[in-house]
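**Q** After the sequence you'll find the predicted model.
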Amino acid sequence: MATQVSTRGKSPATPARPKRPLIPAVLLKFVMALTGAVLVLYLVVHMIGNLQIFWGPTALNGYAEWLRTLLEPVLGWEGFVWVVRVALTVSVVGHIWAATLLALRAKRARPVKYAAGNKVKGSYTARTMRWGGVIVLLFIIWHILDLTAGVVNPNGEHLKPYENITADFTPDRWYITLWYVLALVAIWFHLRHGLWSAIQTLGRSSNRREKTLKAGATVFTTVLIVGFLIVPISATFGWI
Ligand code: HEM
């Protein structure tokens, strides 16, 4: 005899409509793009600023001091640097927050697991971005302790970036150079993928245009990372 299941007190058989999220995905993607753009802009300026090391201690140390005098009549000594620090902190937190929410939603929206072929690709990218992000974050913490606070730097003198960098990257401390190189490779992957995703989200108009933009993003990321890499490498080999 067939047993009848009571539906009293339960929702009707029609499938429940998915709840609309409080924060729309488009807003989260906008937050990702905006905060990512702030961070990339900072990196471009920071990389170009670092290259002044090749012009000697007066150029680089003078640049560090000049940054602290920017908008001094309005913001006071180092006020501009603090505005940048706040903008960077807000951007990093916003970037991680939006990325986490988007990743959780993507996971929830996919109750059925990927087919074997897609699984490898999808989870590989997600894992690379997640672990890449963690490495970048750990690097930033180390880097601030190293070259801003100076507490893990063998020289660690305030406003003496030239002396701090040349003391940091030496043949005896090859592992520090290696750590910076590995972190910069992680940043290369993270940034290139981020730019590729942004291009994919924004431009579905033409395949050829998308390919050109992606190639441009790869070249941009490579130039940026090579610009950073040449400083610790040159210091280690005594070329500065
Ligand atoms: C590998 C090459 C790099 C070198 C030689 C370098 C050098 C420096 C130096 C000397 C400072 C202290 C500046 C000052 O106090 O005026 C600094 C600060 C900083 N750097 Fe770098 N940097 C490098 C790469 C990076 C990368 C890849 C990032 C980000 C992912 C980064 C993020 C920062 C941040 C957030 C600060 C703190 C700025 C502040 O004082 O508020 N740096 N860096």
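**A** Done, it's in. Residues are numbered from 1 along each chain as shown.

**Q** Residues of the chain that sit close to the ligand?
**A** With C-beta under 6 Å from any ligand atom as the criterion, the chain meets the ligand at residues 43, 46, 50, 64, 81, 85, 88, 136, 140, 143-144, 147-148, 161, 165, 180, 187, 228, 231-232. Where you see a C-beta, it was placed from the backbone N, CA and C, and this is true even at glycine.

**Q** And the lowest-mean-pLDDT helix or strand in the chain, what's buried?
**A** Of all the helices and strands that make up the chain, the one with the lowest confidence by mean pLDDT, DSSP states H and E is helix 116-143; it has a mean of 78. Neighbour counts using 16 or more other C-beta atoms under 10 Å place 129, 132-133, 135-136, 139 of helix 116-143 among the buried residues.

**Q** returning to what we had before: weed out the non-buried ones from the residues of the chain next to the ligand.
**A** 43, 50, 64, 136, 147, 161, 165, 180, 187, 228, 231-232.

**Q** Is it possible to get TSV of those that adds secondary structure?
**A** Listed next are these as TSV, based on DSSP: H, G, I helix; E, B strand; the rest coil:
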residue	secondary structure
43	helix
50	helix
64	helix
136	helix
147	helix
161	helix
165	helix
180	helix
187	helix
228	helix
231	helix
232	helix
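
**Q** Between those, which sits nearest residue 25?
**A** Each of those was checked against residue 25 using C-beta to C-beta; the closest is residue 136, at 23.5 Å.

**Q** Wait, that closest one touches residue 190, no?
**A** Yes - with contact defined as C-beta atoms under 8 Å, residue 136 reaches residue 190; the gap is 5.8 Å.

**Q** List the contacts of residue 161.
**A** If a contact means C-beta atoms under 8 Å, 6 or more residues apart in numbering, then residue 161 has 53, 60-61, 64, 147 as its contacts.

**Q** Let's see stretch 156-168 as PDB, backbone CA atoms only.
**A** As requested, the backbone C-alpha atoms of stretch 156-168 are provided in PDB (Å, rounded to 0.1, in the frame of the first residue of the first chain):
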ATOM      1  CA  GLY A 156      66.000  49.600   9.200                       C
ATOM      2  CA  GLU A 157      66.700  53.400   9.200                       C
ATOM      3  CA  HIS A 158      63.700  55.700   8.800                       C
ATOM      4  CA  LEU A 159      63.700  57.600   5.500                       C
ATOM      5  CA  LYS A 160      66.800  55.800   4.200                       C
ATOM      6  CA  PRO A 161      65.200  53.400   1.600                       C
ATOM      7  CA  TYR A 162      68.500  53.200  -0.400                       C
ATOM      8  CA  GLU A 163      70.500  51.900   2.600                       C
ATOM      9  CA  ASN A 164      67.700  49.700   3.700                       C
ATOM     10  CA  ILE A 165      67.300  48.100   0.300                       C
ATOM     11  CA  THR A 166      71.000  47.500  -0.300                       C
ATOM     12  CA  ALA A 167      71.300  46.000   3.200                       C
ATOM     13  CA  ASP A 168      68.300  43.800   2.600                       C
END
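
**Q** how about that stretch: buried residues?
**A** Along stretch 156-168, these residues count as buried under the neighbour rule (16+ other C-beta under 10 Å): 156, 160-168.

**Q** The helix or strand residue 196 falls within packs against which elements?
**A** Taking DSSP states H and E as the criterion, residue 196 maps to helix 174-202. Packing contacts for helix 174-202, counted by 3 or more C-beta pairs under 8 Å, 6 or more residues apart in numbering; DSSP states H and E, involve helix 25-50, helix 116-143, helix 207-236.
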